[in-house]
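Colleague: just a sequence and a predicted model for now, questions to come.
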Amino acid sequence: MRSQDLLNIAKEYGSPVYVYDAEKIASQYERLTSAFKKVKHLKLNYAAKALNNISILKFMNSLGSGLDTVSIQEVRLGLLAGFKPEDIIYTPNGVSLEEIEQVAALGAQINIDNLSILEQFGTKHPNVPVCIRINPHVMAGGNSNISVGHIDSKFGISIHQIPHLLRIVENTNMKVNGIHMHTGSDILDIEVFLYASEILFETARNFKDLEFIDFGSGFKVPYKEGDIETNVEELGKKLSKRFNDFCKEYGKDLTLAFEPGKFLVSEAGHFLASVNVVKQTTSTVFAGIDTGFNHLIRPMLYNAQHDIQNISNPDGKARFYSVVGYICETDTFANNRRINEISEGDILCFKNAGAYCFTMSSNYNSRFRPAEVLWYKNEAHLIRKRETFDDLIRNQVEVNFNTPSETDKELIKP
Ligand SMILES: *Cc1c(COP(=O)(O)O)cnc(C)c1O
């Protein structure tokens, strides 16, 4: 979408505001499906936690996507958005048996990632087919916070526990219809990913009732100039061939599943904020904007680098700015970044603001969460209103201290 469209949206809906480009989401979806077109049954389950607005979920459903969920609330959102229960996979970590049973009752595909729950669930519900999350212990991630395949990770059932896992399956007579891995957030080295896949195929041979193999996600998208992204075309070529060979050996056309979040929505998102103040100190020029890590926490949480453009002054001379938020503690979006000359009132646009941005926002400093707008067929659609003061106090229960009782007086005696 054009900068002018973004500026118009900021004018009409105010700032800060999240804007999502539906066309970009659709083209990413198309890119991934065509990379795997040689596979007979491909299923993409969009990871709802990346961006869970109901209109986004409905749009994903309209593209033919399934849904990957990590909580019963996400399952319910998915059902509300029109996904069929069988198109929803539930991959929680560390949740209670009760929640898993409730999700099973809703009809979603259960994915279990520890032996204790597997045994309890299998004993009580041997007829509900489950998928099993394997930890292949492969380090595929970039930042150590987001590499979940390594040896001391809390995710998945270790490949070293397969014998124990098989005993549980045999003793409970449960049906395993899928196996799964999700190793980390960045697939940069395709060979590493293929190596982890081999471990998954090896594990798959132990189960006779499989319907699908789920390779999780971790597709990397570029955040800043010079970033490498996952070569999905090459991965598609290599993994499809390997998968098809495996299906032949297995004697059944299984479904190849992925659950991309970031890949589908990251680049579709733009976060617009206005500049409240340009503050020159002895060493730095700060651009203070009308938002903070309460709305976009990734730079402070993961050291993520979101590209920032001054869309109000695209031809301005580039200067160095530190872009900071209004939260009353360290709240830095960018340090000494080259940005086209900034004046107070300008609109700055954060790129890659689709994934893990709005969904991680909060009311810290008693600020309202921003509005969200979907840009679809050259038109802006408001898909979430900006919060109001009522939203801040909605669930709060006031205690009345107007007439101090004798005990209160007691408390404040010197
Ligand atoms: C978060 C998550 C994903 C999505 O990961 P991205 O890096 O956003 O693609 C996929 N699967 C599971 C189980 C997840 O928890």
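Modeller: Noted; the coordinates are in hand.

Colleague: residue of the stretch 201-350 of the chain with the smallest distance to the ligand?
Modeller: Residue of the stretch 201-350 of the chain nearest the ligand, by C-beta to the nearest ligand atom: Gly261 (2.7 Å). Just so you know, the C-beta spots here come from the backbone N, C-alpha and C atoms, and that holds for glycine as well.

Colleague: these two touch, right, that residue and Ala47?
Modeller: Yes: if you go by C-beta atoms under 8 Å, Gly261 and Ala47 touch, sitting 3.2 Å apart.

Colleague: more neighbours: which of those two?
Modeller: Per other C-beta atoms under 10 Å, whichever of Gly261 and Ala47 has more neighbours is Ala47, with 28 against 24.

Colleague: gap between that one and the ligand?
Modeller: Going from Ala47 to the ligand by C-beta to the nearest ligand atom, to the nearest Å gives 3 Å.

Colleague: give the contact list for that residue.
Modeller: Ala47 makes contact with Asp68, Ser217, Glu259, Pro260, Gly261, Lys262, according to C-beta atoms under 8 Å, 6 or more residues apart in numbering.

Colleague: put the buried members of those residues into a PyMOL selection.
Modeller: Filtering the contacts of Ala47 down to the buried ones (16 or more other C-beta atoms under 10 Å) takes a single PyMOL command:
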select buried, resi 68+217+259+260+261+262
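
Colleague: ok so, going back, what sits in contact with each of Gly261 and Ala47?
Modeller: Asp68, Ser217.

Colleague: ok, the helix or strand hosting Cys131: who's next to it in the sheet?
Modeller: In this assignment (DSSP states H and E), Cys131 forms part of strand 130-135. Strand 130-135 sits in its sheet next to strand 109-112 (parallel), strand 157-158 (parallel), strand 176-180 (parallel), going by DSSP bridges.

Colleague: mean pLDDT lowest where, among these?
Modeller: Sorting the strands paired with strand 130-135 by mean pLDDT places strand 157-158 lowest, at a mean of 92.

Colleague: how about it, does it reach the ligand?
Modeller: No: under the criterion of C-beta under 6 Å from any ligand atom, strand 157-158 makes no contact with the ligand; the nearest approach is 13.6 Å.

Colleague: quick one: that strand to chain centroid distance?
Modeller: 23 Å (C-alpha atoms, centre = their mean, to the nearest Å).

Colleague: angle of the following helix or strand past that strand against strand 130-135?
Modeller: Counting by DSSP H and E, the next helix or strand C-terminal to strand 157-158 is helix 162-172. Relative orientation of helix 162-172 versus strand 130-135 (axes from the mean of the first three to the mean of the last three C-alpha atoms, to 10 degrees): 170 degrees.

Colleague: helices or strands up against helix 162-172?
Modeller: Here helix 162-172 touches helix 115-124, going by 3 or more C-beta pairs under 8 Å, 6 or more residues apart in numbering; DSSP states H and E.
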